[in-house]
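1. here is a sequence with its predicted model. Questions after.
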Amino acid sequence: MVCSDAYVCYTVCSSNPKKKIFHIPWIYVPVRNALAIWHQLTKYEISELAKPTVSIRERGRVEEIIRNMHRAGPGALQVISDFDMTLTRFAHNGVRCPTTHNILHNSTLISEDCKTKMANLLSTYYPIEIDDSMSVEEKLPLMVEWWTCAHDLLVKQKIKKDELAQAVRESDAMLREGYDVFFHTLKQHLIPLLIFSAGVGDILEEVIRHNGVFHPNVRVISNYMDFDERGVCQAFKGQLIHTFNKREGAMLNHDQFRELQDRPNVLLLGDSLGDLTMADGVTNAQNVLRIGYLNDKVEDRREAYVSSFDIVLEKDESLDVPNAILTYITEGK
Ligand SMILES: Nc1ccn([C@@H]2O[C@H](COP(=O)(O)O)[C@@H](O)[C@H]2O)c(=O)n1
């Protein structure tokens with residue numbers, strides 16, 4: 001008997017009905033249809049993935065992950081995202097947008113002398129952070145040096161907790177275009193969002209609060225200031241998180257991940273190769289889709305990003321691609 005299901009034709013073996021004998025593919029119309037729908041998901045169904053700014057190393061693999069996520073539905077999904085330059089914009093109208101650290105540098109909360117020192121640190125260490133010719137091992141001690149010096153300088157400024165909201169309001173910090181849809185979709189479908197940031201947690205929280213998207217499904221792992229009884233910053237709490245020790249941070253914060261263990265599908269968003277390990281705290285992960293924003297030194301770093309992230313977004317200041325994937329996963333089609 002010749003049968004055909006959605007994509008293949010086969011003959012059921014008369015001696016053993018469980019055995020199927022598949023036919024030479026190109027002969028059959030259903031198979032031609034199968035070839036026609038090859039990469040349909042990433043080219044047509046989620047048309048944002050066909051934009052010229054999107055690079056995908058293995059379309060077949062990405063499609064399989066997204067289809068698995070769609071099949072399992074929003075109840076099996078969690079989102080883990082970096083913050084600076086991932087949920088916030090890298091640039092707007094050709095001008096760089098501030099990171100959470102930069103919001104403090106630029107504010108009236110710190111002295112001119114401190115601003116100069118912080119700016120010197122930035123111009124020394126940021127090129128190292130994004131240098132594709134250096135290994136992570138070479139960068140590690142230098143990143144610790146940068147963050148430690150910056151935090152020491154900030155602590156000396158006696159920053160008050162109740163002045164942070166104003167510093168954020170007066171800053172040029174901007175969440176990426178489409179942030180409202182992103183946060184709303186996650187809230188609506190009760191999908192947990194874990195923001196994993198090497199920035200300043202207190203500032204990060206103010207940014208999302210200021211934009212009205214600090215919903216109950218949002219959790220943050222970051223560097224938090226330690227305030228004394230008068231509300232003055234006297235230190236930074238806990239283990240330092242910098243760009244390249246997020247795996248360690250994920251392991252240390254296993255409590256944050258514990259409540260997420262029953263969600264084996266992870267949509268991960270980052271802008272640094274250091275962000276690739278942010279989901280390592282999810283022990284039973286089944287499908288992890290890693291989306292990387294390639295913001296700076298695009299030509300030099302393209303190859304490394306495309307071979308490390310599943311989807312790479314070049315010079316894209318929006319959340320359109322993650323939003324389109326989320327819509328596809330959460331639609332009960
Ligand atoms: N003094 C500093 C230290 C770090 N940065 C930048 O912040 C970014 C870290 O935050 P993520 O949310 O991306 O983890 C990092 O990429 C540094 O470039 C800074 O601006 N000032």
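-> Nice, I can see it. Just so it is clear, the model here is predicted, and its values are computed rather than measured.
2. which parts of the stretch 1-150 of the chain are strands?
-> 2-4, 9-12, 20-22, 54-56, 77-81, 91-92, 95-96 (DSSP state E, counting those that start in this stretch).
3. near the ligand, anything from stretch 148-160?
-> Yes: residues of stretch 148-160 contacting the ligand under Cβ under 6 Å from any ligand atom: Ala150. Where you see a C-beta, it was placed from the backbone N, CA and C, and this is true even at glycine.
4. which stretches of the stretch 51-200 of the chain form helices?
-> 59-72, 100-106, 112-129, 136-156, 164-169, 179-188 (DSSP state H, counting those that start in this stretch).
5. please convert those helices to TSV, extending it with mean pLDDT, mean neighbour count and distance to Asp275.
-> As requested, the helices of the stretch 51-200 of the chain are exported to TSV (pLDDT from 0 to 100; neighbours: other Cβ atoms under 10 Å; distance: least, Cβ to Cβ, whole Å):
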stretch	mean pLDDT	mean neighbour count	distance to Asp275
helix 59-72	96	17	17
helix 100-106	96	23	15
helix 112-129	97	14	12
helix 136-156	97	16	12
helix 164-169	97	17	23
helix 179-188	98	18	17
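6. neighbouring contacts of stretch 201-221?
-> Residues outside stretch 201-221 that contact it (Cβ atoms under 8 Å, 6 or more residues apart in numbering): 83, 88, 100-101, 103-104, 161, 164-165, 167-169, 173, 175, 179-180, 183-184, 186-187, 190-197, 222-225, 241, 249-250, 253, 256.
7. please apply the same query to stretch 264-272.
-> 68-69, 72, 76-82, 84-87, 90, 129, 243-244, 275-276, 278-279, 282, 284-295, 309, 322, 325-326, 329.
8. tell me the buried residues within those residues.
-> 68-69, 72, 76-82, 84-87, 90, 129, 243-244, 275-276, 278-279, 282, 285, 287-295, 309, 322, 325-326, 329 (16 or more other Cβ atoms under 10 Å).
9. which of those residues are close to the ligand?
-> When Cβ under 6 Å from any ligand atom is applied, the members of the buried ones among the contacts of stretch 264-272 adjacent to the ligand are Asp82, Asp84, Met85, Glu129, Thr243.
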